[in-house]
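Asks: This is a predicted model, with the sequence first.
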Amino acid sequence: MEQIERLCGIIDRYEINSVKVTGGEPLLHPHVIEIVKRFASIPTLKDISLVTNGILLGKRASELKEAGLKWVNIGLDSLCNPSVKYLDKIEDSIKIVETVGFDVVKLNMVLLKGINDREINDMMKFAREHGFILQIIELIETNKEFFQKYHVDLAEIERKIAQQADNIVVRKYQDRKQYYLKDGTVVEIVRPVHNPQFCMNCHTLRVTSDFQFQPCLNRSDNLIPIGKDIEAVVAEIIERRIPYNVSEQCVNG
């Protein structure tokens with residue numbers, strides 16, 4: 001918790017307004033409730049979110065909400081594919097999340113050719129029935145062979161969804177569109193491979209598990225240890241924040 005306290009000091013000092021708790025699986029951390037609670041005590045923070053695979057979420061949802069968690073991103077690529085482990089536990093967690101009442105719940109669906117690309121309508125229906133936002137996410141190239149086998153260009157899918165929408169909200173961050181469909185479904189399309197603004201508008205920093213800043217979310221070759229001289233560290237972060245160029249295919253985890 002000592003490192004979390006130092007991180008909270010940085011967040012407060014530089015008026016960072018949102019924090020996303022990720023992993024691995026953050027709900028495996030023994031102090032995750034205390035961490036969320038500590039973040040929630042920072043006046044400058046407007047949004048605190050958590051990304052989870054959903055397996056343990058049902059057991060911790062009420063505690064997380066009471067600690068100050070605002071929204072949850074649940075990784076759910078499929079409703080029926082056997083490759084999605086512990087689907088029954090995830091569905092149980094989703095029922096509990098509904099009753100707890102977070103401000104926002106998003107379902108993260110990474111689209112994979114031949115795996116779940118025929119489930120989009122089912123996922124949209126599922127998200128609508130539960131009052132969640134469905135994020136359809138384009139696969140990025142962290143492994144060339146895997147990418148070539150499973151990548152799906154979301155352009156045509158987005159076009160069809162746009163035709164069903166009666167309202168479109170463009171999020172300033174990464175120029176990302178949220179489609180509000182006539183039947184009440186809300187779909188967000190995440191296209192990092194084909195959206196040049198995905199990185200140009202990014203103001204996000206990742207803090208790694210070994211307490212280093214990662215200036216670019218798509219790279220792990222330019223980490224900066226968080227030392228005592230925070231001013232110098234922040235200056236170096238800014239210096240290293242070169243916009244990621246998808247065409248160069250330099251993704252490294």
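Replies: Perfect, thanks for sending it. A quick note: this is a predicted structure, and the numbers were derived from the prediction, not measured.

Asks: alpha carbons only for contacts and neighbour counts from here, please
Replies: Noted.

Asks: Wait, Asn108 touches Phe132, no?
Replies: No - Asn108 lies out of contact with Phe132 (C-alpha atoms under 8 Å); the separation is 10.5 Å.

Asks: host element of Val51?
Replies: Here Val51 sits within strand 47-52, counting by DSSP states H and E.

Asks: relative to strand 47-52, how tilted is the helix or strand following that strand?
Replies: The first helix or strand that comes after strand 47-52 along the chain, using DSSP H and E, is helix 57-67. Taking axes from the mean of the first three to the mean of the last three C-alpha atoms, to 10 degrees, one finds helix 57-67 and strand 47-52 inclined to each other by 170 degrees.

Asks: Could you list the buried residues of helix 57-67?
Replies: 57-58, 61-65, 67 (16 or more other C-alpha atoms under 10 Å).

Asks: Next: stretch 167-185.
Replies: 174-181, 184-185.

Asks: biggest separation within the residues you listed, which pair?
Replies: Largest separation among the buried residues of stretch 167-185 by C-alpha to C-alpha: Gln174 and Gly184, giving 24.0 Å.

Asks: Settle this for me: Ile140 is touching Phe146, isn't it.
Replies: No - judged on C-alpha under 8 Å, Ile140 makes no contact with Phe146 at a distance of 9.8 Å.

Asks: which residues sit against the lengthiest helix in the chain?
Replies: For the chain, the helix that runs over the most residues, judged by DSSP state H, is helix 87-100. Residues from elsewhere that reach helix 87-100, judged by C-alpha atoms under 8 Å, 6 or more residues apart in numbering: 53-59, 61-62, 65, 79, 130.

Asks: Farthest pair within those?
Replies: Across those (C-alpha to C-alpha), the longest gap, 25.5 Å, separates Lys65 and Leu79.

Asks: end to end, how far does stretch 149-158 reach?
Replies: 21 Å (C-alpha to C-alpha, to the nearest Å).

Asks: can you list contacts of it?
Replies: 111-114, 138-140, 189, 191.

Asks: repeat that for 7 Å
Replies: Under the criterion C-alpha atoms under 7 Å, 6 or more residues apart in numbering, residues 111-113, 138-139, 189 lie in contact with stretch 149-158.

Asks: List the buried residues of it.
Replies: 151-152, 154, 158.

Asks: so what pLDDT did Ala67 get?
Replies: What the model reports as pLDDT for Ala67 is 96.

Asks: thinking again about what came up before, can the contacts of helix 87-100 go into TSV with extra columns for distance to Gln3?
Replies: Output for those, formatted as TSV (distance: C-alpha to C-alpha, whole Å):
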residue	distance to Gln3
Asn53	25
Gly54	26
Ile55	27
Leu56	24
Leu57	24
Gly58	27
Lys59	26
Ala61	24
Ser62	25
Lys65	23
Leu79	38
His130	37
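
Asks: That'll do, ta.
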